[in-house]
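# Build me a structure from this.
(one chain, ligands or ions: 1)
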Amino acid sequence: LMNLTKKLIEIRSMLLSIDQSDALKLPSIVVIGSQSSGKSSVLEAVVGHEFLPKGNNMVTRRPIELTLIHTPEAAAEYGEFPALGLGKITDFSDIQKTLTDLNLAVPASEAVSNDPIDLRIYSPHVPDLTLIDLPGYVQIASMDQPETLKEKIAQLCEKYIREPNIILAVCAADVDLANSPALRASRKVDPLGLRTIGVITKMDLVPPEQGATILAGNRYPLHLGYVGVVAKSSGKRSRRDDMALVAQKGERDYFGAHSEIFGSTTSLMVGTDTLRRRLMEVLESSMASSLHGITNAVQLELEEATYQFKVQYNDRRITAESYVAETMDALKLRFKEATSQFKRPAIRAKLKEMLDDKVMDVLEQLYWLDKRAPELGGLAQDPKVRPEDVEPYWRHKLEAASSLLTKSGVGRDSTLLVANGLRSLIDSIAAAEPFNFHPRAAERLVQFSHMILRDRIGVTSDQVENCIKPYKYEVEVEDREWESGRQSAIDLFEKEVTMCEKKLKDIRQKVGGSRRLGGLVRYVQEIEEKEKAKKTKRLMAPEDENTEEDSSIDYRYPAAQIHDARHAILYTDRLSILKLRLAALRSKRCKAGPSNDVLCPEAFLNVVADKLAYTSAMFINIELLDQFFYQFPREIDSRLLYDLDRKEIVEFARENPVVRRHLDLQERKDKLEEVMKQLNSLSTLRTDAQPAPRRH
Ligand code: GDP
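Take a look at the predicted model:
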């Protein structure tokens, strides 16, 4: 018979861990009473230890779910807070301290919290019971206990005294029952008094006859009756004695002294032992009668969970570990696929693009801004000119251009270009599913890949710079190379021409047609002339600096349009020089081969850029990419999730909402199955069970 309650208490805890819905609740005993009614003293008397927080300032601020587990064989008594993982606590004053801390942790602004504290006590001296201790009802609102607090406590109690729970209404004998908030609250939810037990404390404070009248319960009849207790020690207690034990002796003494009224011949229930037995009986029969209902409810929930698991996941079971393993494999695969973007020809093309930009910059600096540029164009077109006739001026220019290009920091720039590509690849992997769900893992991923890159960048850029060194002194060009250099220079210029034409067109549209742009351009050229004249004048006669300072500039056009016009001038100039140079590149002389490098610097520089790109790509491949591709997957194994313990693996997996839902449903189904199994095994027990006899 005893086993039934014990089993059901276990099942009750499991059900609570599945969910908090009322449908899946087995009954517990809920202890309510006003402050100072003696609630704590009663609970401690039942447990046989002093363990509840003490103090005059509202010490219970959270519900305490107290589960007592009878351990007949064990010698030691101990408590456990399953949620805190503190292990077994054998010293009850430590339990008291922990409870005090947990209660005081509730912020003053909240005053009470709905979040229950789970405390289990294992002892050969306790019965199998579950009790819920709630904050005491506040009678009078005082300075530090505002009116809303009263309301909050009442609401909290109301939530717990609902069916199927049993209400333990604690009232002091020296206070009129009509004024007991506990009985008043109980009557609201249990008007017939079918699931309420009255506990009358402080029996020693009223004359025995008066106490007996209260216990007879004629005024407020309760089906489960009243039990009278004296929960406070009357005698002196030595320091070493446990207060609760001393209290029990005081109680025995008191009822013993008045046995004519409270003795076994009367039908009154008195004493902590009686109370304990009564609680066990009541809980047991209440649990037994809940059994059928709860079995049905669990069955329904289990069917639903099983159905959902089938429909949503096709019965596929997962574990946090399998998720972690899959995530790592997927990451490596994803990375491997992405590395195809870093094949050598692709890298070479990227580097060439970067070098093309550098070539354009060099050309602009050294040729296009040179007033004599058209002259060079004319030379290339003139069939009579031989390369050796060209002035040393142009030979010198070409050497300067080549060295500007080769010494522009190609090692560093090309290495950084590729390293940045890798970095943004990793960044995009880290930002995408599933790592968007795992911000800490994503950060680690980014961190260690950056670390590998940082390690390699210096070595690689030095190595590349070293290997292109010969080109800084001399570049040999073969016919085939020359021709392809010339072709790509033409392509490049054609692209540039298209770009300039498009920009001009855009500006024309923006300012409102070519006439308007023409006017603007003339105007801008005029001011520029004037400014120039003014500057010269100032240089010649610096003393009349301040005369007629701004009078020459008028503001016929808005600043934005003047800005556009300036750009238009730049693009027009650029177009004319590009067209000039395109004609040169297409000339017979340029086609003739590398001996004409001085006349066709673009073709030559293109060949140089090509060689630089080729060499850079080769060494970046060896020093940076190969190393990175080798190291990265190894770092994933050794750094990303290698040091996680079981708890962290679960946490990691649960960061992903899809996985979390899957795990939740799976776990719910498993737990329900387990509960169902246990409930079924109980049905055999139940058939033997006799209804609990009521003690009088
Ligand atoms: P709670 O606020 O409802 O938890 O009440 P306590 O258990 O802290 O008791 C309030 C006060 O009443 C304390 O000073 C107790 O010592 C005292 N007390 C509790 N039970 C009894 C009893 O049966 N007899 C007497 N005389 N005092 C009691």
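# Out of the helices and strands in this protein, which is least certain?
Across the helices and strands of the chain, the lowest-confidence element by mean pLDDT, DSSP states H and E is helix 243-257, at a mean of 75.
# near the ligand, which residues of the protein?
33, 35-41, 136, 201-202, 204-205, 230-232 (C-beta under 6 Å from any ligand atom). Every C-beta, even on glycine, is put in place using the N, C-alpha and C of the backbone.
# Give the buried subset of those residues as a PyMOL selection command.
Selecting only the buried members of these in PyMOL, with burial defined as 16 or more other C-beta atoms under 10 Å, works like this:
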select buried, resi 33+35+37+38+39+40+41+136+201+202+204+230+231+232
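# Point out the least confident member of the residues of the chain next to the ligand, please.
Lowest-confidence member of those: Lys232, scoring 71 (pLDDT).
# Is that one part of a helix or strand, or is it coil?
Taken by DSSP: H, G, I helix; E, B strand; the rest coil, the conformation at Lys232 corresponds to coil.
# picking that back up, of all pairs in the residues of the chain next to the ligand, which one is the farthest apart?
Considering C-beta to C-beta, no two members of those lie farther apart than Gly136 and Asp204, which are separated by 20.6 Å.
# Buried residues in the helix or strand following the least confident helix or strand of the chain, which are they?
Under the assignment DSSP states H and E, the closest C-terminal helix or strand after helix 243-257 is helix 259-262. Applying a neighbour-count criterion of 16+ other C-beta under 10 Å, the buried positions in helix 259-262 are 261-262.
# Summarise which helices and strands helix 259-262 is packed against.
If contacts are counted by 3 or more C-beta pairs under 8 Å, 6 or more residues apart in numbering; DSSP states H and E, helix 259-262 sits against helix 208-216.
# low-confidence ranges in the protein?
Within the chain, the stretches with pLDDT under 70 are 1-2, 20, 22, 56-59, 139-147, 233-247, 265, 387, 542-555, 684-696.
# ok now the helix ranked longest in it, how far from the chain's centre?
For the chain, the helix with the greatest residue count under DSSP state H is helix 272-313. Shown here is helix 272-313, whose average C-alpha point lies 36 Å from the average C-alpha point of the whole chain (C-alpha atoms, centre = their mean, to the nearest Å).
# That helix packs against which elements?
Packed against helix 272-313, as judged by 3+ C-beta pairs under 8 Å, 6+ apart, are the following elements: helix 2-18, strand 29-33, helix 39-47, strand 129-133, strand 166-172, strand 196-201, strand 226-228, helix 657-688.
# Next, the angle helix 2-18 makes with the last one.
Here helix 657-688 points in a direction 160 degrees away from that of helix 2-18 (axes from the mean of the first three to the mean of the last three C-alpha atoms, to 10 degrees).
# my read: Gln381 touches Ser587, true?
Yes - in terms of C-beta atoms under 8 Å, Gln381 counts as a neighbour of Ser587; the distance is 5.4 Å.
# between these two, which one's more packed in?
Set side by side, Gln381 and Ser587 show more neighbours around Ser587, with 19 against 16, by other C-beta atoms under 10 Å.
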